[in-house]
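Student: the following block contains a protein sequence and its predicted model.
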Amino acid sequence: MSGTDGVDTEAQIEQRYPRPRRPGFLASAAITLLVLGVGFAVFGYSPAVLVTLYGGMLAAYAAIPYTLTAIVVREVVARRGRGEDEEPNDEAVRFGLFRQRASFVTAIAMLVAITVLVVGAIVDASGAYDPFGPAGSGPFGGGLASFGAFAFFAGGFAIVVNVPSIYSASVVRSERHAVRQRVGAWRVIRANTILTTASWIAYCGFGVFFITQTFWS
């Protein structure tokens, strides 16, 4: 292949899989953060907090089997698609689907939230404040209860935006195609896979902590 052919091939790849447009991504991020903020306010500071209380307990027990199932299904779907002559989904390759972007932003928000909680617990060891204490203490203004409200809603929203991608063979295979071939928004796709998986595992850990604390208290 000549150098000119190589340039033409690269140009064709960029034309078919353009990098995600910034305004579209920022709009998706803003919508996602707005949904998370409203949901946190409703389930953390309204009568709906009762739903959070009981729903959060069920979610803590469901987190581990759901996470394991999601990871296994995603990998099985991706591996089954290897070697198949299936045309990739252009929107998925360039990270243009709203659910992809919402999943990315939600994973970051969830990881930041649990990091703040952990840092709060460390600071609590020095006696600065009690992040697991009564309302008004801790970084969320309500300690563990407020974090639970965020975790309950954000976790539910993460499931809503992730399930179509996890169980959609077209999206999973298109994302893996982008990463393998280094086309489209493959760096963002790889980062999204890492962040979403990390958030699932982190909140499973929180679920285990919650269950053990409830069981032994």
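Tutor: Received the coordinates, thanks. Residues are numbered from 1 along each chain as shown.
Student: quick check: A145 vs G56, distance?
Tutor: Taking CB to CB, to the nearest Å as the criterion, A145 is separated from G56 by 9 Å. Every C-beta, even on glycine, is put in place using the N, C-alpha and C of the backbone.
Student: no no, F157
Tutor: Relative to G56, and taking CB to CB, F157 is found at 14 Å.
Student: then A92?
Tutor: For A92, the distance to G56 equals 32 Å [CB to CB].
Student: likewise G155?
Tutor: The value you get for G155 to G56, if CB to CB is used, is 9 Å.
Student: between the two, which one's more packed in?
Tutor: The neighbour count for G155 versus G56, taken as other CB atoms under 10 Å, is higher for G155 (24 against 20).
Student: can you pull the pLDDT of that one?
Tutor: Confidence at G155, expressed as pLDDT, is 90.
Student: I'd assumed L58 was in contact with it.
Tutor: No - with contacts counted by CB atoms under 8 Å, G155 stays clear of L58, the gap being 11.2 Å.
Student: okay, and the common contacts of these two?
Tutor: In the contact map built from CB atoms under 8 Å, 6 or more residues apart in numbering, no residue is linked to both G155 and L58.
Student: which stretches of the chain form strands?
Tutor: Ranges of strands within the chain: none, based on DSSP state E.
Student: average pLDDT for stretch 87-97?
Tutor: If you average the pLDDT over stretch 87-97, you get 88.
Student: one more: stretch 161-176?
Tutor: The predicted confidence, averaged over stretch 161-176, sits at 84.
Student: for stretch 88-99, give me every contacting residue.
Tutor: With CB under 8 Å, 6+ apart as the contact definition, stretch 88-99 has outside contacts at 16-20, 24-25, 28, 31, 100-101, 161-162, 164-165, 170-171, 173-175, 177-178, 183-185, 188-189, 192.
Student: V161: what's it in contact with?
Tutor: Going by CB under 8 Å, 6+ apart, V161 touches 98-99, 102-103, 106.
Student: now do F153
Tutor: Contact analysis of F153 by CB under 8 Å, 6+ apart lists 36, 39-40, 42-43, 52.
Student: switch the cut-off to 7 Å
Tutor: Contacts here follow CB atoms under 7 Å, 6 or more residues apart in numbering; on that basis F153 touches 39-40, 43.
Student: now do A154
Tutor: Residues in contact with A154 (CB under 7 Å, 6+ apart) are 36, 106, 109-110.
Student: adding distance to I201, pLDDT and neighbour count, write these out as CSV.
Tutor: Conversion of those to CSV gives the following (distance: CB to CB, whole Å; pLDDT from 0 to 100; neighbours: other CB atoms under 10 Å):
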residue, distance to I201, pLDDT, neighbour count
L36, 20, 95, 21
T106, 15, 96, 26
A109, 16, 96, 21
M110, 11, 94, 25
